[in-house]
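# My questions concern the predicted model and sequence given below.
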Amino acid sequence: MNIGVVGLGYVGLVAGTCLADGGNDVLGMDVDAGRVRRLSQGEMPIYEPGLKELLERGIREGRLRFTTNLEETVDFAAAIFIAVGTPEGEGGRADLRNLFAVAREIAKAARGPKVVIIKSTVPVGTGDEVEKIMRELSPHLMEVVSNPEFLKEGAAVEDFLKPDRVVIGTESAQAAELMRQIYAPFVRTERPILVVRRRSAEMVKYASNAFLATRISFINEIANLCDRMQADVDEVRRGMGFDRRIGHQFLFPGVGYGGSCFPKDMRAIIQFAQDIRMEMKILQAVEEVNRRQRDIILQKITGHFGPDLSGKTFAVWGIAFKPNTDDLREAPALPIINGLLQRGAKIKAYDPEAGTGARKIFGEKIEVTDGPYQAVQGSDALVLVTEWGEFRHPNFERIRKTLKSPVIFDGRNIYDAKILRELGFVYFGMGRS
């Protein structure tokens, strides 16, 4: 099938590349000529495991092309995915100006019926507005489908190629059948394709992210309580997780969630509920707990070293908001680093992929090293913020010898407190007093 993808950011690039790998002919469109040129040459603008290989294969085999010409994309494609950004706007509302602008241009350029699939995360009712816009501007049938994405950064290729489920929001039997054809290669292991009303599909995305964010903030509150009550949250978490009604996923305490989805989507759902005079008390509390969680590790650091950190140097391992990505959007490491700087500390930070982005953000304020042990050398303590695989089993003897004082603040509870204390470290975890 000929498929167009408008918007080659994270979601659009992953979707387009994976759709091409599924045998479709895909034309990706973006207004950023530099990005289109680099992608056409097989250069990746983001770090996502496995994506570069699929991109190169799609280009090499002629199934994946890129352009800046929207009319060319509309003429080429039977189905057009819109994956433009919907950034946070005033008051937390999603900014839909780019989405509506693309919808207008597609409608004007269409020379026949089109199925337009909204892949961007949008508030409930957006599909209705897009359909209204397009039908006013085009004499042809414009079917608008909601197809929310459920991609985890760092595992997006696997998520797209082997989805837990595919959600399709449409009241059109013809559009639903076309979507089933598109996704058929990716659901051969009997994963469901759920066809629901368009507004329901739009809500599924927000509801899913809100629930997962709630689990994270819940276990973080329990961790903070464990700190006060001399309990170990890791033991509590395991005891909870074996209950089949609860499970272990997203019950890992730490410094809070970040990234491009959870924070933005949480604020958006709270805001569009307020717009209809409804207060989302649970989700407001989830947001507050998440904001506060960054301060918890700072409190542990100042509790050990004192409130004035002048003359102290901290090694920070992990700057990206999660492992296997270079994404720094809403990354917990950023306010933690700023909090240390405000207290007079010096920072030596390392991240396997996000170092370049960190240098752009902090400039000369911090030292971004080329390796984890360079960050540790001569520092007063190690602060683990992002749980990259290479941090899980480091050379602790080397760390102890190169730190000025053998202190570790484990913001993700990835280390065994008992073992580290036996090795002579002063260890601080989250909820593991």
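Thanks, I have it.

# Look through this protein and tell me its longest helix.
helix 198-229 (DSSP state H).

# same for that one, what does it pack against?
Here helix 198-229 touches helix 126-137, strand 142-146, strand 166-169, helix 233-241, helix 262-275, helix 281-305, going by 3 or more C-beta pairs under 8 Å, 6 or more residues apart in numbering; DSSP states H and E. Yep, even glycine has a C-beta here, placed from its N, CA and C like the rest.

# now the angle from it to helix 126-137?
Interaxial angle of helix 198-229 relative to helix 126-137 (axes from the mean of the first three to the mean of the last three C-alpha atoms, to 10 degrees): 150 degrees.

# just so I know, which of the helices and strands packed on helix 198-229 lies nearest Ala176?
When the helices and strands packed on helix 198-229 are compared by C-beta to C-beta, strand 166-169 sits nearest Ala176, at 5.9 Å.

# So for the helix or strand of the chain with the lowest mean pLDDT, what gets flagged as buried?
Lowest mean confidence among the helices and strands of the chain (mean pLDDT, DSSP states H and E): helix 262-275, at a mean of 92. By neighbour count on 16 or more other C-beta atoms under 10 Å, the buried set for helix 262-275 is 262-272.

# ditto for stretch 365-372
Along stretch 365-372, these residues count as buried under the neighbour rule (16+ other C-beta under 10 Å): 366-369, 372.

# Need the mean per-residue confidence for that stretch.
Averaged across stretch 365-372, the pLDDT comes to 97.

# Work out the gap between it and the centre of the chain.
Mean-position distance between stretch 365-372 and its chain equals 24 Å (C-alpha atoms, centre = their mean, to the nearest Å).

# Go ahead and produce CSV holding the CA coordinates of it.
Coordinates of each C-alpha in stretch 365-372 appear next as CSV, following Å, rounded to 0.1, in the frame of the first residue of the first chain:
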residue,chain,number,x,y,z
LYS,A,365,28.0,25.2,33.9
ILE,A,366,28.8,21.5,34.1
GLU,A,367,31.4,19.1,32.8
VAL,A,368,30.0,16.4,30.6
THR,A,369,32.5,13.6,30.5
ASP,A,370,33.1,10.9,27.8
GLY,A,371,32.9,8.0,30.2
PRO,A,372,31.4,7.1,33.5
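
# Contacts for it, please.
Stretch 365-372 is contacted by residues 315, 317, 337, 341, 346-351, 355, 358-359, 362, 375, 390-391, 394 when judged by C-beta atoms under 8 Å, 6 or more residues apart in numbering.

# What subset of those is buried?
315, 317, 337, 341, 346-351, 355, 358, 362, 375, 391, 394.

# Please list the members of these that lie in strands.
Using DSSP state E, 315, 317, 346-350 are the members of the buried ones among the contacts of stretch 365-372 that sit in strands.

# Closest to Leu96 out of the residues you listed?
Nearest to Leu96 among those is Ala349, at 35.7 Å by C-beta to C-beta.
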